[in-house]
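J.: dropping the sequence and predicted coords here.
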Amino acid sequence: MAVLAYADGHPVGYAYGNRIEHGDRYWQRTTPAPAEEYTGRPALALKEIGVRPAWRGTGASRRIHDALLAARDEPFVTLMVNPAAGEGKVHALYRSWGYEDIGQSQPSPASPLLTVMIRPIR
């Protein structure tokens, strides 16, 4: 699932994600193991949000995020964030959107330790 945003015919940003099921490696790499409440049913894993620099700070990323979630029927959306990104501002932004920390993950040996966050879709 993906959302592309445009203004006056010009790209503004995008978001994409995929459905993850119980037992998915996304959950297997998360420590501590997430609660069954989150993993017992399919969830949406938000993989990336990107907004052009001119549109940062305008609320465009939140509108793109919300548009991605609007058509979903999963009960939860989860994401991974580098807590050092933007000197912590990205992590704080997701918290302001209702996400909470539930663990950590290192998807590959070369990646930094990421914070796993989750929130209800509705």
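T.: Here it is on my side, so go on. This is a predicted model, so every value here is computed, not measured. Numbering: from 1, shown residues only.

J.: show me which positions of the longest strand seen in the chain end up buried.
T.: Taking DSSP state E as the criterion, the chain has its longest strand at strand 10-20. Residues of strand 10-20 classed as buried: 12-15, 17, 20 (neighbour count, 16 or more other Cβ atoms under 10 Å). From N, CA and C alone the C-beta is placed, and that goes for glycine too.

J.: and those residues as CSV, adding distance to Leu46 and pLDDT?
T.: What follows is those, written out as CSV (distance: Cβ to Cβ, whole Å; pLDDT from 0 to 100):
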residue, distance to Leu46, pLDDT
Val12, 17, 97
Gly13, 13, 98
Tyr14, 12, 98
Ala15, 7, 98
Gly17, 4, 97
Ile20, 11, 98
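
J.: ok, so of these, who is nearest Tyr26?
T.: For these, the closest approach to Tyr26 (Cβ to Cβ) belongs to Ile20, at 4.9 Å.

J.: how many other residues sit next to Glu48?
T.: 10 (other Cβ atoms under 10 Å).

J.: would you agree Ala2 is in contact with Ala15?
T.: Yes - the criterion here is Cβ atoms under 8 Å, and Ala2 meets it with Ala15 at 7.0 Å.

J.: mind listing the shared neighbours of the two?
T.: When contacts are counted by Cβ atoms under 8 Å, 6 or more residues apart in numbering, Ala2 and Ala15 are jointly contacted by Leu68.

J.: so where do the helices sit in the chain?
T.: Using DSSP state H, the helices of the chain run over 25-28, 36-39, 60-70, 89-96.

J.: out of the ones you listed, indicate the one that is most buried.
T.: helix 60-70 (a mean of 17; mean count of other Cβ atoms under 10 Å).

J.: same for that one, what does it pack against?
T.: strand 2-7, strand 10-20, strand 43-51 (3 or more Cβ pairs under 8 Å, 6 or more residues apart in numbering; DSSP states H and E).
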